[in-house]
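In: mind folding the following:
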Amino acid sequence: MDIGLYYQILGMGVLYEKGSNRGKRWRIGERKRLRDEIWFWQKILEDIAKEQNGMPCHEALFMELANLCRKYKFPHYERVLDKKEELLHCNCVFERDREEEAKLRGFMEQLLQDARKYLEEFNDKEMVYRILVVLHNLPRAMYGKNILNSNAHSISYHIALQYAEGCMDDKMKKEYEEYLG
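Out: Next comes the predicted model:
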């Protein structure tokens, strides 16, 4: 499966979750659900690296996705599962700049690690969702034609980083400056 499709699934999940933030306090089960979903997103990034090295991971991805949907009833991921065959047989290959792709993937990995840290160690809901806002456009720079959402368009690496930087406060800009430069 083309890695652009992995990025589409990641982008879809982050976009959906970023929009579901309500209130200043955690709702019942929200932290657990978010922890599981962040783990899934981290797994997607690991699978992308494996796919680039020739190890197919799509079956495990769809199995983990089905488990998440069974547990939490995610409507956006159900759509992915419904299009599984179409995704597996898609011959839409997007050429990426390897260096830029590696840089952005590293940035996404760092953001997800930090989101998990703020979720588990600091119980800081505001910061977790701020990180999701910073993250949500980065996967869009990694895919061409969007199979899962025909209205969505990809963006350039530069625009994705500009948007991410625009969503940060000064402290975050300093913390992530190695990825933004």
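
In: wait, Cys25 sits on Lys125?
Out: To be clear, residue 25 is Arg; Cys isn't right here. Yes - Arg25 is within contact range of Lys125, at 7.2 Å (criterion: C-beta atoms under 8 Å). No exception for glycine: its C-beta is placed from N, CA and C like everyone else's.

In: these two: who's more crowded?
Out: Using other C-beta atoms under 10 Å, the more surrounded residue of Arg25 and Lys125 is Lys125, with 19 against 7.

In: and Ala1, how far from Glu99?
Out: Rather than Ala, residue 1 is Met. As judged by C-beta to C-beta, to the nearest Å, Met1 and Glu99 stand 23 Å apart.

In: and those two? Which one has more around it.
Out: Met1 (18 against 9).

In: contacting residues around that one?
Out: 51, 56, 58, 61, 87-88, 90 (C-beta atoms under 8 Å, 6 or more residues apart in numbering).

In: let's see 7 Å
Out: Each residue near Met1 by C-beta atoms under 7 Å, 6 or more residues apart in numbering is listed here: 58, 87-88.

In: mark which of those are buried, thanks.
Out: The neighbour count (16 or more other C-beta atoms under 10 Å) marks 58, 87 as buried among the contacts of Met1.

In: pull the number of nearby residues for Asp114.
Out: So Asp114, with other C-beta under 10 Å, has 18 neighbours.

In: so the closest residue to it other than its chain neighbours is in which element?
Out: Distances taken as C-beta to C-beta, 6 or more residues apart in numbering place Ile131 nearest to Asp114, at 5.9 Å, with adjacent residues excluded. Following DSSP states H and E, one finds Ile131 within helix 125-135.

In: coming back round to it: tell me how far the residue nearest to Asp114 lies from Leu119.
Out: From Ile131 to Leu119 the distance is 9 Å (C-beta to C-beta).

In: more neighbours: these two, which one.
Out: Ile131 (27 against 21).

In: wait, the more buried one sits on Arg116?
Out: No - if you go by C-beta atoms under 7 Å, Ile131 and Arg116 don't touch, sitting 9.5 Å apart.

In: which residues in this protein form helices?
Out: Along the chain, counting by DSSP state H, helices occupy 3-18, 30-52, 58-72, 75-82, 84-88, 98-120, 125-135, 157-166, 170-175, 177-180.

In: for the protein, which residues score under the pLDDT cut-off?
Out: 92-94, 145 (pLDDT under 70).

In: could you dump the helices of the chain into JSON lines and include distance to Gly144?
Out: What follows is those, written out as JSON lines (distance: least, C-beta to C-beta, whole Å):
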{"stretch": "helix 3-18", "distance to Gly144": "6"}
{"stretch": "helix 30-52", "distance to Gly144": "15"}
{"stretch": "helix 58-72", "distance to Gly144": "18"}
{"stretch": "helix 75-82", "distance to Gly144": "17"}
{"stretch": "helix 84-88", "distance to Gly144": "14"}
{"stretch": "helix 98-120", "distance to Gly144": "13"}
{"stretch": "helix 125-135", "distance to Gly144": "20"}
{"stretch": "helix 157-166", "distance to Gly144": "13"}
{"stretch": "helix 170-175", "distance to Gly144": "29"}
{"stretch": "helix 177-180", "distance to Gly144": "23"}
